[in-house]
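> Got a predicted model here, sequence first, then my questions.
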Amino acid sequence: RGVILKRLGRRGEAAVAVRSIIYQHHLPETFPEEVLEEARRVTRSFRLEDELAVREDLRREVVFTIDPDDAKDFDDAISLRRLGRGEWELGVHIADVSTFVKPGGPLDREAYERGNSVYFPGCVVPMLPEILSNGLCSLQEGQPRLVKSAFIRYDAKGRPLAARFANAVIQSRKRLTYHQASAILEGRTGGFPREVVETLREAEKLAHAIRRRRLADGMLVLDLPEVELTLDEKGNVIGAEPADTSFSHTLIEMFMVEANEAVARLFARLGVPCLRRIHPEPDAEAGRQLGQFLRFLGYRLPRVHTRKDLQALLDATRGKPEGFAVHMAVLRSMEKAVYSPRNIGHYALASEHYCHFTSPIRRYPDLMIHRLLDLHINGRLDSKKDRRAVPSHAQLVQAGAHCSLTERRAE
């Protein structure tokens, strides 16, 4: 015997199917009123002139975003300057959520419980109320927005030389989709601002240099194409096609990875504990099983293999009929990436220091990193007294375990 508490709707309707998944995985469907009220209050109290008095004003810089066609929350924007001696200065500008979501308040507690946004075809269960996630925090075209900026200087071969960080105000010149960015890089530039076109072309050169360097360091690139669904006005699936994998995606991915690394290197240099994004090396048993599977397909992998061996295998099978199975088997042989204060690097990215910094609108670990970075920018990590605001190791372990769990739930 039981009691019906709630009717979700008629079976077979797309919106009802989504709601049933939300209930099945215990996802929060609505925000408590106290959370919404705090979001409205911080939005009402925002004064741009107050922020301009204490931040770098980058509103005249050529800054733009590149996101999927249906994106609504824009976390990241980029800028690029060509320096002398073949050098570049890359600017990665990330929505400054930490200015609006203060530790310990209703907004912060709710964001921590959610851990991250959860994406469905055509809709999202957001980590933050939409007045922030799609409004005041989102880096919308033509709107002045608060950011935390990472400025990374590179040599001609895409090697990082130095980095600095700042609280800033930007105003995006253009909201590009990946398809539009790809069109520009292919020479179809009509209707786009000249300065955006020129900057994007320079960005392509830098991204290629960074990718070559990272591949030489051992970064693994899996070819596991995703599927994009086409929905009708009622949310029903009416088509499916392979997701766009053009170089514009790689360009943004390379820049975001570089910014994440730059921030993690900063905290390592300062000796400040932080919530890292770690990816352990595969264990021996998983490697043995992978080798056994590959032998059935006619491929050999040394019993004790390196990232270079895996790179060679992935390149040899890319685009072949068995390629998807091999790449999926390599993925399954690896440990899951998780959040933890342990400093063991990120295996797949061949990264010694790595954290998540670039998506604070939709991931709580990034918000934690922003708060630490704010302490650094304001000179508050220089003394032991000020470091009392830094989370303890135990707090980081707890937050890492919780956010890793909510991430798996979202997947």
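The structure has been received and is ready for your questions. Numbers count the residues shown, from 1 in each chain.
> so the residue lying closest to Asp283 once chain neighbours are set aside, which of the three states?
Closest residue to Asp283 in three dimensions, ignoring its sequence neighbours and counting by C-beta to C-beta, 6 or more residues apart in numbering: Glu335, at 7.3 Å. For the C-beta atoms, the positions are set from N, CA and C on the backbone; glycine is no exception. For Glu335, the secondary-structure state derived from DSSP: H, G, I helix; E, B strand; the rest coil is coil.
> For Glu335, grab phi and psi.
phi -70, psi 160 (degrees, to the nearest 10).
> ok, it to Leu107 distance?
33 Å (C-beta to C-beta, to the nearest Å).
> In terms of neighbours, single out the busier of the two.
Neighbour count, other C-beta atoms under 10 Å: between Glu335 and Leu107, Leu107 has more, with 25 against 14.
> for the more buried one, phi and psi?
Listed backbone geometry of Leu107 is phi -60, psi -50, with angles given as degrees, to the nearest 10.
> One more: Leu331?
Taking degrees, to the nearest 10, you get phi -60, psi -40 for the backbone angles of Leu331.
> Next: Val125.
For Val125, the backbone dihedrals are phi -100, psi 100 (criterion: degrees, to the nearest 10).
> can you check His179 too?
Backbone dihedrals for His179, given as degrees, to the nearest 10, come out at phi -60, psi -40.
> and the gap between it and Pro68?
Counting by C-beta to C-beta, the separation of His179 from Pro68 is 9 Å.
> How many neighbouring residues does the residue lying closest to His353 once chain neighbours are set aside have?
Among residues not flanking His353 along the chain, Ala264 sits closest, at 3.8 Å (C-beta to C-beta, 6+ apart). By other C-beta under 10 Å, 24 other residues sit near Ala264.
> check contacts around the closest residue to Glu87 other than its chain neighbours.
In space, and not counting its chain neighbours, Glu87 is closest to Asp155: 5.7 Å by C-beta to C-beta, 6+ apart. By C-beta atoms under 8 Å, 6 or more residues apart in numbering, the residues touching Asp155 are Arg85, Gly86, Glu87, Leu161.
> can you pick the most crowded of these?
For these, neighbours were counted using other C-beta under 10 Å, and Glu87 has the most, 14 neighbours in all.
> now it: how far from Leu80?
On the measure of C-beta to C-beta, Glu87 and Leu80 end up 11 Å apart.
> before we move on, what about Tyr347?
Tyr347 sits 29 Å away from Leu80 when distances are taken as C-beta to C-beta.
> Could you pull up the mean pLDDT of stretch 86-100?
Stretch 86-100 shows a mean pLDDT of 97 in the predicted model.
> what do you get for stretch 136-151?
This predicted structure assigns stretch 136-151 an average pLDDT of 97.
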